[in-house]
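In: Dropping a prediction and its sequence here:
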Amino acid sequence: MRVRVQTEDFDAAREIAALRAGDARVGAVAAFIGLVRDINEAAAVKTLTLEHYPGMTEKALAAIVDEAKSRWDSYDALVVHRISELKPTDQIVLVAVTSAHRGDAFAACEFIMDYLKTRAPFWKKEHTPAGERWVEARTSDDEKAARW
């Protein structure tokens, strides 16, 4: 299991290749990449600033991955989450899971992302033409996480 919070961008192909490298048991890799959108709640987004609580955030991410591994038959998982100021089209997050079969990989990857959105201590501030605003938690994210 690998969890990183960083300011620099990531190369998803390189990260996924490293995750599955040399493991002949792997029959499936499921991955999700989240990007900064240019519009949110009908307002143009110039930049998005992501903040976190160092140490606590990594522990929360590791606990989410551990829970996914206890629920599904997976071999390894990776979460890379960026912080700092990002602009539209920038990559924010990569979640990848390896397993023998696609069902476990898909489910574990989706679970990690759903829980990351609701349980990891990240804060987002959007910079719009009207000024700055903190991004509120979404009910839809809570509903997605509750199904697990």
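Out: Thanks, I have the structure now.
In: so where do the strands sit in the protein?
Out: For the chain, strands defined by DSSP state E occupy the ranges 2-6, 28-35, 39-40, 43-44, 47-52, 74-82, 84-86, 91-99, 122-128, 131-134.
In: In this structure Tyr75 contacts Val26, no?
Out: Yes. Taking contacts as CB atoms under 8 Å, Tyr75 lies within contact range of Val26: 6.1 Å. Just so you know, the C-beta spots here come from the backbone N, C-alpha and C atoms, and that holds for glycine as well.
In: Of the two, which one has the most company?
Out: Taking Tyr75 and Val26 together and counting by other CB atoms under 10 Å, Tyr75 has the greater number of neighbours (20 against 17).
In: neighbours of the nearest residue to the more buried one once chain neighbours are set aside, just the number please.
Out: Using CB to CB, 6 or more residues apart in numbering and skipping the chain neighbours, the partner closest in space to Tyr75 is Thr98 (4.6 Å). Thr98 is flanked by 24 other residues according to other CB under 10 Å.
In: most distant residue from the middle of this structure?
Out: Going by CA atoms, centre = their mean, the residue of the chain most distant from its centre is Ala130, 28.0 Å out.
In: quick one: it and Ala44 touch, right?
Out: No. Checked against CB under 8 Å, the pair Ala130 and Ala44 is beyond contact range at 9.1 Å.
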